[in-house]
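Engineer: would you be able to build a 3D model of this:
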Amino acid sequence: MSQDLKPDPVPISILRTLLRLMVLLVIVVAVNLLLNWVLDLSHRTQTRNVMFGVIFLMLLAYVILIAIPFVPGIEVGLSLIFMRGDDVVVFVYAATVVGLMLAFLAGRFTPYSYLRRVFLDLRLIRASELLEKVQPLDREQRLVLLRERLPKLLRPLLINYRYLAIAVLINIPGNALIGGGGGILMVAGLSRLFSITAMLITLLLAVSPVPLMVLLFDFEIMPN
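Structural biologist: Numbers count the residues shown, from 1 in each chain. Below you'll find the model as predicted:
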């Protein structure tokens, strides 16, 4: 490992890790408080302007929540569809794509030096060393390295069909256990193996089945 980044003393590492977790917690709590206030407002007032504001704020909260790893956010989008039906399904679809792209871009543009510091604070020395090895490589070199490290059965899916793998992962039930949509897209961004344009197209297609069923076939997510 290079000399520029070494593990700090344990108390400093713990404090820094706790501060990072607190920032995420504050964001999640603030968004949930906003949602509770918005829902309470919608129950008390049903005017057109108020409902427009309610929907806008819920969409904004949804974008933020779905972009955060391990935070369930899809419930907010489904709640909006339950409340307003196909009137908002296009906006929920767009918000889903925006939130997931934000997670991807956050990973894509996170400096490896910062990520290595996070790993060192967690005492993940081998992960930090791997980042140091990967950082100077271009995309093709990273794919070669990945091919060498993956089990043979997973190589075709995670290398040749990696965009398809992302589409499948964000749609499988229970993906919150592996980070949820936000976590999956953030890791994809951190890998630097995906182009921004191709990932946007992947998300536009992968997120579309439910909105299309609602719009084209009058599909009810929650039957009466």
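
Engineer: below-threshold pLDDT in the protein: ranges please.
Structural biologist: 1-5, 46, 84-85, 218-224 (pLDDT under 70).

Engineer: for it, which segments count as helices?
Structural biologist: Applying DSSP state H to the chain gives helices spanning 10-44, 48-67, 74-84, 89-108, 112-121, 125-134, 139-149, 155, 162-169, 180-191, 196-206, 209-217.

Engineer: look up how far L204 lies from I55.
Structural biologist: Distance, I55 to L204, by C-beta to C-beta, to the nearest Å: 22 Å. Where you see a C-beta, it was placed from the backbone N, CA and C, and this is true even at glycine.

Engineer: for V88, what are its contacts?
Structural biologist: The contact partners of V88, by C-beta atoms under 8 Å, 6 or more residues apart in numbering, come to I55, L80, I81.

Engineer: take those and write them to TSV, including distance to S208.
Structural biologist: Output for the contacts of V88, formatted as TSV (distance: C-beta to C-beta, whole Å):
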residue	distance to S208
I55	21
L80	17
I81	14
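
Engineer: mind listing what the residue nearest in space to the middle of the chain touches?
Structural biologist: What sits nearest the mean C-alpha location of the chain, by C-alpha atoms, centre = their mean, is G182, with 1.1 Å. For G182, the contact set (C-beta under 8 Å, 6+ apart) comprises I66, A67, I68, P69, F70, V71, G73, G99, L100, A103.

Engineer: flag every buried residue along stretch 20-40.
Structural biologist: V28, V31, L35, V38 (16 or more other C-beta atoms under 10 Å).

Engineer: burial of the closest residue to the first one other than its chain neighbours, as a residue count?
Structural biologist: Closest residue to V28 in three dimensions, ignoring its sequence neighbours and counting by C-beta to C-beta, 6 or more residues apart in numbering: V71, at 5.8 Å. As a burial measure, V71 scores 20 neighbours (other C-beta atoms under 10 Å).

Engineer: so V71 versus L115, what's the distance?
Structural biologist: 20 Å.

Engineer: and for R126?
Structural biologist: As defined by C-beta to C-beta, R126 lies at a distance of 14 Å from L115.

Engineer: T47 now?
Structural biologist: Distance of T47 to L115, given as C-beta to C-beta: 47 Å.

Engineer: so between those two, which is more surrounded?
Structural biologist: Ranked by neighbour count (other C-beta under 10 Å), T47 and L115 place L115 first, with 16 against 8.

Engineer: that one: what's it in contact with?
Structural biologist: L131, L190.

Engineer: now do V54
Structural biologist: By C-beta under 8 Å, 6+ apart, the neighbours of V54 are V38, L39, L41, S42.

Engineer: now, which of those residues sits nearest I172?
Structural biologist: Relative to I172, the closest of the contacts of V54 is L39; by C-beta to C-beta it sits at 28.6 Å.

Engineer: L57 against V38, yeah?
Structural biologist: Yes. Using C-beta atoms under 8 Å, L57 is in contact with V38, at 4.8 Å.

Engineer: okay, now stretch 173-193: how far is its last residue from its first?
Structural biologist: 25 Å (C-alpha to C-alpha, to the nearest Å).

Engineer: alright, I will stop here.
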